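> Next come a sequence and a model predicted from it.
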Amino acid sequence: MAFELSIEIVGLCMFVQDTEARTTYVLMPGSGPEHGVDPHVARLCFDAAYGAPAAAGLKGYTTLVPVEGVELSFPPGSPWQPGLPVELVNVSPVARKPLLPGLLGGTDAPAVLTSRAVLSSGKSDRFSPGACWHYPQAPARMQMANHVWWELGTIEGDSLEIVLTPLVGGELPPAPIELHPIDGRIEVQLYYTPREELPPQPLAVPEPPPGTPAHHFAAFYELFEPPVDNQPLPTYIALTCGFMLGGSPYTCMGAQADPPTP
């Protein structure tokens, strides 16, 4: 038996691709007052039906597993493919420093790392374009993704065991995570956001005024060797980067219809 596995990665996550190791690392930086960023929580989320063998269908309510202080890894699927959407802005040219040692492997990770996911199979499948921002290493304006889907491809077996390894100071969840496919597929979400933005009923965040800095972005700079003197933040422009602005998505939207029958 085999099934397809998809991971939706949401929030303050830095993707690092090691082409030599053929692995993508998803790094969740430290947050909270000691890091100068609002507290974030790391949660592995999935429909509760995946937790029961032979479920008839999805239940429509979400199980959330705390994964702070752990590394998540997954069984092998399709061959790993490099490539990330350009909507994930590259911070390295702005930081002008290498990443801290230990971020990409081993349990003795720096304290600035909350959690890490290791993706050694599959590829970046699609993304949500996010909003339009200005950032120094980007064009004058660019969409910056906040949801990225990673397809691990075909997993052999009749269940999924997500391997959790504690990082320094981390604790494992009280029970192992074993999921079971429904209609030949498992879909999970990895969130690293403020608690109020978690499913199943995330708080609606109002659109910020143009020019508002993305304060949480500052956490990424702590993943580089200090000191990173230049720490510019993305500043908000609009929901989309169309050069002809105007027409609020909150009031007017498009539609479509079938052509007339001959």
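In hand now; what should we look at?
> hey, let's count contacts and neighbours off CA atoms from now on
Fine.
> in stretch 108-128, what counts as buried?
By 16 or more other CA atoms under 10 Å, the buried positions in stretch 108-128 come out as 109-110, 112-125, 127.
> List the backbone torsions phi and psi for residue 177.
For residue 177, the backbone dihedrals are phi -100, psi 110 (criterion: degrees, to the nearest 10).
> Enumerate every residue touching it.
In this structure, residue 177 makes contact with 161-163, judged by CA atoms under 8 Å, 6 or more residues apart in numbering.
> Skip the chain neighbours and tell me the closest residue to residue 140.
residue 134 (6.0 Å; CA to CA, 6 or more residues apart in numbering).
> correction: residue 148
That would be residue 127: by CA to CA, 6+ apart, it lies 4.3 Å from residue 148.
> Report all helices and strands that the helix or strand the one you found falls within contacts.
Element membership of residue 127, judged by DSSP states H and E, is strand 123-128. Helices and strands touching strand 123-128, by 3 or more CA pairs under 8 Å, 6 or more residues apart in numbering; DSSP states H and E, are strand 147-156.
> strand partners of the helix or strand following the strand it packs on, parallel vs antiparallel please.
Under the assignment DSSP H and E, the closest C-terminal helix or strand after strand 147-156 is strand 160-166. Next to strand 160-166 in the sheet, as set by DSSP bridges, lie strand 70-73 (antiparallel), strand 177-179 (antiparallel).
> want to try TSV for these, with distance to residue 18 and mean pLDDT as columns?
Below are those laid out as TSV (distance: least, CA to CA, whole Å; pLDDT from 0 to 100):
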stretch	distance to residue 18	mean pLDDT
strand 70-73	15	94
strand 177-179	27	92
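> Tell me which of those is the most buried.
Counting by mean count of other CA atoms under 10 Å, strand 70-73 has the highest mean neighbour count of the strands paired with strand 160-166, with a mean of 22.
> Pull that one out as PDB, backbone CA atoms only.
The C-alpha trace of strand 70-73 is given here as PDB (Å, rounded to 0.1, in the frame of the first residue of the first chain):
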ATOM      1  CA  VAL A  70      11.800  19.400  18.200                       C
ATOM      2  CA  GLU A  71      13.000  18.300  14.800                       C
ATOM      3  CA  LEU A  72      10.400  16.800  12.500                       C
ATOM      4  CA  SER A  73      11.400  14.300   9.800                       C
END
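> Which SSE is immediately downstream of that strand?
Past strand 70-73, the next helix or strand by DSSP H and E is helix 92-95.
> All set now, cheers.
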